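1. what's the 3D shape of this:
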Amino acid sequence: MILEILLLFLVIASIFFVAAKTLLKSLIFLSLNTLLLVIILFLLQAPDVAITMAVVGTGATTVLYLSAIKKLGGLK
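-> Residues are numbered from 1 along each chain as shown. Next up is the predicted model:
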């Protein structure tokens with residue numbers, strides 16, 4: 001039951017990620033997507049994959065995209 005709810009939230013967050021008007025909002029929904037996926041992986045008993053995804057997907061990728069958006073002038 002909880003897995004289905006999280007999958008539904010994942011789909012909704014993906015739609016918001018694509019439909020976001022600004023790059024920063026899109027990045028926030030991308031991070032939320034990754035966080036939901038990490039929780040789903042923990043529930044599916046894959047903690048090693050979930051921890052790796054949390055570090056790389058939520059941490060490093062968000063910082064990389066945020067710095068790229070800042071350099072391109074997307075944050076005003």
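
2. Go through this protein and flag its longest helix.
-> The helix that spans the most residues within the chain, counting by DSSP state H, is helix 23-43.

3. buried stuff in that helix?
-> 23-24, 26-41 (16 or more other CB atoms under 10 Å). Backbone N, C-alpha and C define where each C-beta goes, glycine included.

4. can you check stretch 57-70 too?
-> Quick answer for stretch 57-70 (16+ other CB under 10 Å): Gly57, Thr58, Thr61, Tyr65, Leu66, Ile69.

5. ok, back up a step: contacts for the longest helix of the chain, please.
-> Contacts to helix 23-43, defined as CB atoms under 8 Å, 6 or more residues apart in numbering, come from residues 2-3, 6-7, 9-10, 13-14, 16-18, 20, 47, 49-50, 53-54, 57-58, 61-62, 65-66, 69, 74-75.

6. Check which helices and strands the lowest-mean-pLDDT helix or strand in the chain is in contact with.
-> When each helix and strand of the chain is scored by mean pLDDT, DSSP states H and E, helix 61-72 comes last, with a mean of 90. Judged by 3 or more CB pairs under 8 Å, 6 or more residues apart in numbering; DSSP states H and E, helix 61-72 is in contact with helix 23-43.

7. For the helix it packs on, output the C-alpha coordinates as PDB.
-> The C-alpha trace of helix 23-43 is given here as PDB (Å, rounded to 0.1, in the frame of the first residue of the first chain):
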ATOM      1  CA  LEU A  23      14.800  26.000 -13.700                       C
ATOM      2  CA  LEU A  24      15.000  26.200  -9.900                       C
ATOM      3  CA  LYS A  25      11.600  24.800  -9.400                       C
ATOM      4  CA  SER A  26      12.400  22.000 -11.900                       C
ATOM      5  CA  LEU A  27      15.600  21.300 -10.000                       C
ATOM      6  CA  ILE A  28      13.600  21.100  -6.700                       C
ATOM      7  CA  PHE A  29      11.200  18.600  -8.200                       C
ATOM      8  CA  LEU A  30      14.100  16.600  -9.700                       C
ATOM      9  CA  SER A  31      15.600  16.300  -6.200                       C
ATOM     10  CA  LEU A  32      12.200  15.300  -4.800                       C
ATOM     11  CA  ASN A  33      11.900  12.700  -7.500                       C
ATOM     12  CA  THR A  34      15.300  11.200  -6.500                       C
ATOM     13  CA  LEU A  35      14.400  11.300  -2.800                       C
ATOM     14  CA  LEU A  36      11.200   9.400  -3.400                       C
ATOM     15  CA  LEU A  37      13.100   6.900  -5.500                       C
ATOM     16  CA  VAL A  38      15.600   6.400  -2.600                       C
ATOM     17  CA  ILE A  39      12.700   5.700  -0.200                       C
ATOM     18  CA  ILE A  40      11.200   3.200  -2.700                       C
ATOM     19  CA  LEU A  41      14.500   1.500  -3.000                       C
ATOM     20  CA  PHE A  42      14.800   1.200   0.800                       C
ATOM     21  CA  LEU A  43      11.300  -0.300   0.900                       C
END
